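1. Dropping the sequence and predicted coords here.
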Amino acid sequence: METILILGAGPTGLGAARRLEELGHSNWRLLESSSAAGGLAASFVDDHGFTWDIGGHVQFSHYEYFDRAMVEFLGQDGWLHHERESWVWMRDRFIPYPFQNNIRRLPPADLDKCLAGLVDITRNGHVQPANFRDWILATFGQGLAEVFLLPYNFKVWAYPPELMNAVWVGERVAVTDLKRVLHNLVHARDDVSWGPNNTFQFPVRGGTGAIWRACAERLPQDRLQYNTRVMGIDLKEKTVTTADGRSFRYHYLISTIPLTELIQLTGQTQFQPAAERGLLHSSSNIFGIGLRGQPRAELAKKCWMYFPEDNCPFYRVTVFSNYSPNNVPDIRHYWSLMAEVSESPHKPVDQTRLMEQVIDGLLATRLIERREDIVSTWKYRAGHGYPTPGLQRDAALAEIIPFFESKNVYSRGRFGLWKYEVSNQDHSFMQGVEIVERLRNGCAEVTAANPNLANSKKHPWPFESWTPKNLWAANPA
Ligand SMILES: Cc1cc2nc3c(=O)[nH]c(=O)nc-3n(C[C@H](O)[C@H](O)[C@H](O)COP(=O)(O)OP(=O)(O)OC[C@H]3O[C@@H](n4cnc5c(N)ncnc54)[C@H](O)[C@@H]3O)c2cc1C
């Protein structure tokens, strides 16, 4: 039985470990630098008893296998189910998301501009957009781009959209249907249901991290090595060395650490230029604000809100106490907000002032009324927050990933594969499951290899494309 070493105990590494166990492949070990499982999907409880995620994590799924695993980890009763209520705050008002379907709520001058742009694009023929900015302009028109999409996307991504590709958009950005926009306008109708995540589930207790703690607890504990940072990888000798001086041999290595770090740890400096050009990322600064009292009525059912304007540093705020009452110490007396601020070389932030700027922004956007209601503040900076879909990304991946695979190293997950379009929890977990199926049973990966297919529907388990010879092994039952 070949030794399989897994780097990282986020959803991807845990998905791989769980699948190996299911298949009876006991010769694996997982190395994780931090003291607990979860990675970017971990949760924390602050000194005042408020629970925080690393940014509002909502749970939705493209996979039956993932759904079954979620029930197994937390039980049927371990989940709360929510209707997505997302809104844009701008021009001093809330506009339902998707914004473009609800522009009737804009002031007349903005509405006019957006409609003129939408009419203009119906006159243009189809042109293949060279970058994300072109795609926005071609898909939404000049007005919507200027009023919302360009300022908002810069705030989220922290990169100018002309430096990003338009390959990843797929289901992640709702495109515009002019007839629908006009219908909503004429009938004064709010159009709020769109996309794969119009309902979502969230753990009753413990935040998103509860899922991954439960997943890790089901695995043999002696194969999970926490507080174990990988410091070097010898591709020839197939060994991994750790900060505490230990050395581990592998036949296959499943790496979920950032691909840029894998390049460094293996000394493959020939990929540095491609990585610098193609593997862009932004950092995520997360601010948890625990509050006394109750949210004002307008926030009572809202899940998250987008903020395109420059009267606040954050692009998104989640009413985290609406996800679960257990995210606050006592829901009768407290509530909570979680704000996200992006950061990159194109959008630096002043760490020393950011908390104050966030609180000022919460007041400016009227999410909170009085500074004195704040009873707790919590901050987390994820150095690697979003894998930016840069223009040279796919060329870089085409050069780097096959090289590592030729050395029995499989880099998967949010920053392992660097594909934003398949980097949510469900995708990441399944990338771990699918790479194990590939190594053990020769099944072709779906999520890593074909993001559009992965995102096109809910996939049965086993995947339809897997060949009959593999089915006996793929079925966990
Ligand atoms: C702000 C934000 C909001 C998000 N919102 C959602 C959402 O709403 N819904 C959703 O489904 N997903 C969301 N995600 C994505 C979700 O967090 C990821 O899908 C998931 O965590 C990726 O899992 P992973 O295992 O690939 O990587 P990670 O979670 O990054 O795990 C990698 C692990 O590798 C470890 N590691 C790194 N270097 C080393 C080393 N040298 N040695 C040993 N270990 C190492 C790290 O400590 C980490 O535990 C969000 C992410 C962010 C940042």
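-> Done, it's in.

2. Shouldn't Tyr386 be within a strand?
-> Yes: judged by DSSP: H, G, I helix; E, B strand; the rest coil, Tyr386 forms part of a strand.

3. contacting residues around the residue nearest the centre of the chain?
-> Nearest residue to the geometric centre of the chain (C-alpha atoms, centre = their mean): Asn424, 4.3 Å. Contacts for Asn424 (C-beta atoms under 8 Å, 6 or more residues apart in numbering) come out as Phe60. All C-beta atoms are positioned from the backbone trio N, CA, C, and that covers glycine.

4. what do you get if the cut-off is 7 Å, keeping everything else the same?
-> Listed by C-beta atoms under 7 Å, 6 or more residues apart in numbering, Asn424 has no contact partners.

5. so how far is the ligand from it?
-> 3 Å (C-beta to the nearest ligand atom, to the nearest Å).

6. Could you do Ser282 as well?
-> 9 Å.

7. pLDDT averaged over the strand or helix carrying that residue - what is it?
-> Following DSSP states H and E, one finds Ser282 within strand 279-292. Across strand 279-292, the average pLDDT comes to 98.

8. That one pairs with which strands, and in what direction?
-> In the sheet, strand 279-292 lines up against strand 334-343 (antiparallel), strand 374-389 (antiparallel) (DSSP bridges).

9. how far away is the residue nearest to the centre of the chain from Leu163?
-> Relative to Leu163, Asn424 is positioned 23 Å away (C-beta to C-beta, to the nearest Å).

10. So which bits of the chain are right by the ligand?
-> Contacts of the chain with the ligand, taken as C-beta under 6 Å from any ligand atom, map to 7-13, 31-34, 39-41, 54-58, 229-230, 256-257, 261, 284, 340, 382, 385, 413-416, 423-425, 428.

11. Can you flag the buried ones in these?
-> 7-13, 31-33, 39-41, 54-58, 230, 256-257, 261, 284, 340, 382, 385, 413-416, 423-425, 428 (16 or more other C-beta atoms under 10 Å).

12. Mark which of the residues you listed are part of strands, please.
-> Leu7, Leu31, Val230, Ser284, Glu340, Ala382, Gly385 (DSSP state E).

13. and of those residues, the nearest to Arg370?
-> Using C-beta to C-beta, Glu340 comes nearest to Arg370 of those, at 22.7 Å.

14. Is it correct that the closest one is in contact with Arg316?
-> Yes: with contact defined as C-beta atoms under 7 Å, Glu340 and Arg316 form a contacting pair (4.8 Å).

15. Could you give the average pLDDT over stretch 17-31?
-> So the average pLDDT for stretch 17-31 ends up being 97.

16. Quick one: residues in contact with stretch 97-107.
-> 86-88, 91, 93, 95-96, 111, 114, 140, 144, 148, 174, 176, 180-181, 184-185, 188, 190-191, 194, 306.

17. Give me the buried subset of the residues you listed.
-> Going by neighbour count (16+ other C-beta under 10 Å), these have 86-88, 95-96, 111, 114, 140, 144, 148, 176, 181, 184-185, 191, 194, 306 buried.

18. Which ones among the residues you listed lie within strands?
-> Ser86, Trp87, Val88, Ile95, Pro96, Tyr306.

19. can you pull the contacts of the second one?
-> With contact set as C-beta under 7 Å, 6+ apart, Trp87 has these partners: Phe94, Ile95, Pro96, Tyr97, Lys302, Met305.

20. Which members of those residues define the maximum pairwise distance?
-> Counting by C-beta to C-beta, the most remote pair of those is Ile95 and Lys302, 12.3 Å apart.

21. Please, which helix or strand holds Ile233?
-> strand 230-234.

22. Note down every partner strand of that strand and its orientation.
-> Strand pairing (DSSP bridges) places strand 230-234 next to strand 239-242 (antiparallel).

23. Would you mind giving the secondary structure of Ser456?
-> Ser456 is classified as coil under three-state DSSP.

24. domain assignment for this structure?
-> 4-43+64-72+205-278+390-474, 99-186 (automatic domain parsing).

25. end to end, how far does the shortest one reach?
-> It refers to domain 99-186. End-to-end span of domain 99-186 (C-alpha to C-alpha, to the nearest Å): 16 Å.

26. how far does it sit from the chain's center?
-> 22 Å (C-alpha atoms, centre = their mean, to the nearest Å).

27. and what of the longest one?
-> In this view, domain 4-43+64-72+205-278+390-474 has its centroid 15 Å away from the chain centroid, taken as C-alpha atoms, centre = their mean.

28. For Ser282, grab the count of nearby residues.
-> Ser282: 21 surrounding residues under other C-beta atoms under 10 Å.

29. Show me what it bridges to in the sheet.
-> With DSSP bridges as the rule, Ser282 is bridged to Tyr386.
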